[in-house]
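Visitor: no sequence for this one, just the structure:
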């Protein structure tokens, strides 16, 4: 055992190196296992500083615990300073230490070219009008009159679609010559509704669910026409235009985006876009359009309905007051 | 017949799996396509209805509501013609080919990756197979067993021997590039500038010949294996032929390696650092002085922020360099554009008034039909945009032409002015996008510089004094970050006005000389540390006792 014993000085150096390596590379490596993210989480510089200071304090206490301990620690240092190892080693250390110190000082004081960073608040509320807080998506919650109108249209086999999808639906009608216009809806609620229409007994809840599917269909078409270029086919913020924007389009499939806000907030963001943001949300970097200049309210609500559906998320429920 | 086919398919699948590029592994199915049952087709119909029909149409004819705004247009499945295959020229694709396209999408087009391992709300493997089963019902060709590329042995395998790409294989590939006359369309440097006019595809739409140096636009994958497949299988419906007969396997592999070697690697910094020099600044784009200037690549998106929206920009990257001396600053902008467009016909400009209304059918400009996308119509143009006021904190004008309270300064170079021998770059100001750029008075026009188009690339120099004293101009100072962005127009792509490509804010930063204090502090630190060391040394020597020396 005695043979393997390192001097107390070299033990201290070794411990410092091991702690540094653990914090610098060990924690990020473990973080990948824990978070299962495809990238490691680095330890922030200030935290690193604290860890190292704590280690140094602990080692200082350990070394200075007894007179012998301190002597033991200082022995190789003193030996070096006296030239006990070799004169060349002493000269090298006496030169290297000031060089390293001076280089560190240079690094600290030299002006650096760093892009001005800007902290950004993603969901600012400083100018969010209270009136939007309780807004409910009228398209997601069709009223009785709308359900009745939809049943009437379905019974007459003349569903009123938004103009944007009409051409495609008409082409399909001409080619397929179906019994009912809604047959292209390959979704259960509409299939059930069509079966009920045929049997002659339609219940309003089934009709409501089918109407919601019709609204979703139109919303998805409007999303594909207006939003897809930036936010992507799969609402993942990765559309063909996305790489051109420093502030990337929001990925709606991410936790912490559209599911953490109320529908009214989504509507407000879609309506007023980047220019409607307060300064803390860096409006000058946002490419989000003021959709009130192009889309009707109904179109915006339809898109929001489809957006939540594609992202498989639900909006936050407004707090009652 | 079935067993050898399966074996062949397995070998091909194994070849894909064992390919070195990780990008390829992710889009190999874990199992072959399931048998087409009614349930499976109905599942596929559901997926198609929710995720595909808006571009590809309810009938699979590529005429969905979003289709007419896209270039390239969505595939018309009813024709049974598919571009990206691992089968011989003119053949149908394999199931795995379709699976690959659905899984990883076609970069540079509206067809995105649907692999739910890549994208959370994508499609599971099961859903992808189901929708492929449904898509195949659109074209009768898939029902004909005589046209099955697997059963008839029309599948192309990667070469068994695939040596890694080295400078030697790249040199051999370059020879193949010359011999096979790839340059006659793709240009000598691969920038897609080989043709003097547009070519058309089988559907009558203009073909954009691929600039092979831009990897983000290479639709069916930019890895060597992908590139090999493209000129081995050919691209159906386009003038891109198959070279399976005219080039041997080895040559095609070398050629693929050469094409891969042409791909541009994007820089990632957001601040252009401007070297301060003592010499006069260059006004010519060919000046050797530019070799010393750091390049910064700026990515552009289509202008989709306000009507008229445009999602088919052809200029997606502009590289900027700059040099400065004590009095002036000079920028060089380079970007790829296969056609030199130097005329401008204002009468043919698009009037956006109808599509700019609330509730208009669409606020996007259609890819074809609304405005001419032709040669000899609109000019090529580029603009550098700067914030006029120095930035305070993070506050900047909006990157899309500023706002009424915060104006921007634009340096707009126009190819037609330049070609006419006039000053090519006009200075102007904008306060938001709603009003056109306001040209500054003649006395305010101070930008000098020349431009050049060569081998599918524009290079434009803009030189100006650092300070002009004009309150509408950007003023440069050493050590300051100035917000900078670009707007770009490719005339033959129909671009003019707000129909353009644009970048978001980057920065330009002129290097300041290092202050003397920095050196003083460093030397002081050296002296103090050195002195301390020598003092400790002396102290240690004095303390020396025989006992300690022995130890």
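Guide: Here it is on my side, so go on. Keep in mind that this is a model prediction, so the values were computed, not measured.
Visitor: leaving out chain neighbours, which residue sits closest to residue 83?
Guide: Since you didn't name a chain, this refers to chain A. Excluding the flanking residues, the one nearest residue A:83 by CB to CB, 6 or more residues apart in numbering or on different chains is residue A:90, at 4.8 Å. In this view, the C-beta of every residue, glycine as well, is placed from N, C-alpha and C.
Visitor: look at chain B instead
Guide: residue B:235 (4.7 Å).
Visitor: if we can go back for a sec, quick one: the residue nearest to residue A:83 is in a helix?
Guide: Yes: the assignment for residue A:90 by DSSP: H, G, I helix; E, B strand; the rest coil puts it in a helix.
Visitor: break chain B down into its domains, please.
Guide: Split into domains by automatic domain parsing, chain B comes to B:1-157, B:158-265, B:271-510, B:516-550.
Visitor: er, chain A I mean
Guide: Domain assignment for chain A, taken from automatic domain parsing, gives A:2-109, A:130-311.
Visitor: out of those domains, which comes closest to residue B:183?
Guide: Comparing these against residue B:183 with CB to CB, the closest turns out to be domain A:130-311 (28.1 Å).
Visitor: would you mark the buried spots in stretch B:369-378?
Guide: Neighbour counts over stretch B:369-378 (16 or more other CB atoms under 10 Å in any protein chain shown) mark B:370-375, B:377-378 as buried.
Visitor: buried stuff in stretch B:383-392?
Guide: In stretch B:383-392, counting by 16+ other CB under 10 Å, buried: B:383-389, B:391.
Visitor: next SSE downstream of the strand or helix carrying residue A:11?
Guide: Under the criterion of DSSP states H and E, residue A:11 resides in helix A:8-21. Using DSSP H and E, the next helix or strand after helix A:8-21 towards the C-terminus is helix A:27-35.
Visitor: that older thread, any chance of CSV for the buried residues of stretch B:383-392, columns secondary structure and distance to chain A?
Guide: Converted to CSV, the buried residues of stretch B:383-392 look like this (DSSP: H, G, I helix; E, B strand; the rest coil; distance: CB to the nearest CB, whole Å):
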residue, secondary structure, distance to chain A
B:383, strand, 16
B:384, strand, 17
B:385, strand, 12
B:386, strand, 13
B:387, strand, 9
B:388, coil, 13
B:389, coil, 12
B:391, coil, 7
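Visitor: in chain B, what residue is nearest chain A?
Guide: Closest to chain A within chain B is residue B:301: 2.6 Å, counting by CB to the nearest CB.
Visitor: distance of the closest residue to chain B within the stretch 151-300 of chain A from residue A:303?
Guide: Nearest to chain B, among the residues of the stretch 151-300 of chain A, is residue A:244, at 2.6 Å (CB to the nearest CB). Distance from residue A:244 to residue A:303, counting by CB to CB, to the nearest Å: 22 Å.
Visitor: same check on residue B:524?
Guide: Taking CB to CB, one finds residue B:524 at 63 Å from residue A:303.
Visitor: likewise residue B:240?
Guide: 37 Å.
Visitor: more neighbours: which of the two?
Guide: More crowded of residue B:240 and residue A:303, by other CB atoms under 10 Å in any protein chain shown: residue A:303, with 26 against 21.
Visitor: that one sits in which helix or strand?
Guide: helix A:297-311.
Visitor: and the contacts of that helix?
Guide: With CB atoms under 8 Å, 6 or more residues apart in numbering or on different chains as the test, helix A:297-311 has contacts from A:137-140, A:162, A:215-216, A:218-220, A:222-223, A:226-227, A:231, A:234-235, A:252-253, A:258-259, A:263, A:266-267, A:270-271, A:291-292, A:295, A:314-315, B:121, B:359.
Visitor: same check, this time on stretch A:266-285
Guide: A:118, A:120-122, A:124, A:126-129, A:132, A:135, A:137, A:246-247, A:258, A:286-292, A:295, A:300-301, A:303-304, A:307, A:315, B:305, B:394-399, B:403, B:406, B:504-505.
Visitor: now intersect these with the helices, please.
Guide: The helices, defined by DSSP state H, take in A:132, A:300-301, A:303-304, A:307 from those.
Visitor: now flag whichever of those residues is closest to residue B:206.
Guide: residue A:303 (31.3 Å).
Visitor: roughly how far apart are that closest one and chain B?
Guide: Counting by CB to the nearest CB, to the nearest Å, the separation of residue A:303 from chain B is 12 Å.
Visitor: for residue B:509, give me phi and psi.
Guide: Dihedral pair for residue B:509: phi -140, psi 120, per degrees, to the nearest 10.
Visitor: for it, which residues are in contact?
Guide: Taking CB under 8 Å, 6+ apart, one finds A:113, B:271-274, B:479-482 in contact with residue B:509.
Visitor: report pLDDT for the spatially most central residue of chain A.
Guide: In chain A, the residue lying closest to the centroid (CA atoms, centre = their mean) is residue A:254, at 5.2 Å. Reading off the confidence values, residue A:254 has pLDDT 88.
Visitor: which of the residues in the helix or strand residue A:94 falls within are classified as buried?
Guide: Using DSSP H and E, residue A:94 sits within helix A:87-109. Across helix A:87-109, burial judged by 16+ other CB under 10 Å covers A:90, A:94, A:98, A:101-102, A:105-106, A:109.
Visitor: try stretch A:168-186
Guide: Neighbour-count burial for stretch A:168-186 flags A:168-169, A:171-172, A:181-182, A:184-186 (criterion: 16+ other CB under 10 Å).
Visitor: contacts for that stretch, please.
Guide: With CB under 8 Å, 6+ apart, stretch A:168-186 has contacts from A:154, A:157-159, A:161, A:190-191, A:193-194, A:197, A:210, A:213-214, A:217, B:42, B:45-46, B:48-50, B:53, B:57-59, B:61, B:63-65.
Visitor: distance between the ends of that stretch?
Guide: Terminal residues of stretch A:168-186 lie 16 Å apart, using CA to CA, to the nearest Å.
Visitor: equivalent analysis for stretch B:134-143, please.
Guide: One end of stretch B:134-143 sits 12 Å from the other (CA to CA).
Visitor: now do that stretch: distance to the chain's middle.
Guide: Chain-centre distance of stretch B:134-143: 33 Å, with CA atoms, centre = their mean, to the nearest Å.
Visitor: quick one, strands of the stretch 351-500 of chain B?
Guide: Secondary structure of the stretch 351-500 of chain B by DSSP state E, counting those that start in this stretch: the strands cover B:381-387, B:408-414, B:425-430, B:438-439, B:451-454, B:457-465, B:481-489.
Visitor: repeat that for chain A.
Guide: In chain A, no strands are found when defined by DSSP state E.
Visitor: tell me the one of the buried residues of stretch B:369-378 nearest residue B:423?
Guide: Lowest distance from residue B:423 to the buried residues of stretch B:369-378 (CB to CB) belongs to residue B:378, with 19.9 Å.
Visitor: point out where the stretch 1-150 of chain B drops to low pLDDT.
Guide: Along the stretch 1-150 of chain B, the model assigns pLDDT under 70 to residues B:1-26.
Visitor: buried sites along stretch A:52-65?
Guide: Within stretch A:52-65, the residues scored as buried using 16+ other CB under 10 Å are A:55, A:59, A:63.
Visitor: please go through the residues you listed and note which also touch chain B.
Guide: With the criterion set as CB under 8 Å from any CB of the partner chain, no member of the buried residues of stretch A:52-65 is near chain B.
Visitor: and those, which is the shakiest by pLDDT?
Guide: Scoring the buried residues of stretch A:52-65 by pLDDT puts residue A:63 last, at 88.
Visitor: what about the closest residue in space to residue B:139 that isn't next to it in sequence, distance to residue A:14?
Guide: Distances taken as CB to CB, 6+ apart place residue B:80 nearest to residue B:139, at 3.5 Å, with adjacent residues excluded. Distance, residue B:80 to residue A:14, by CB to CB: 70 Å.
Visitor: so between those two, which is more surrounded?
Guide: Between residue B:80 and residue A:14, counted using other CB under 10 Å, residue B:80 has the larger neighbour count: 17 against 11.
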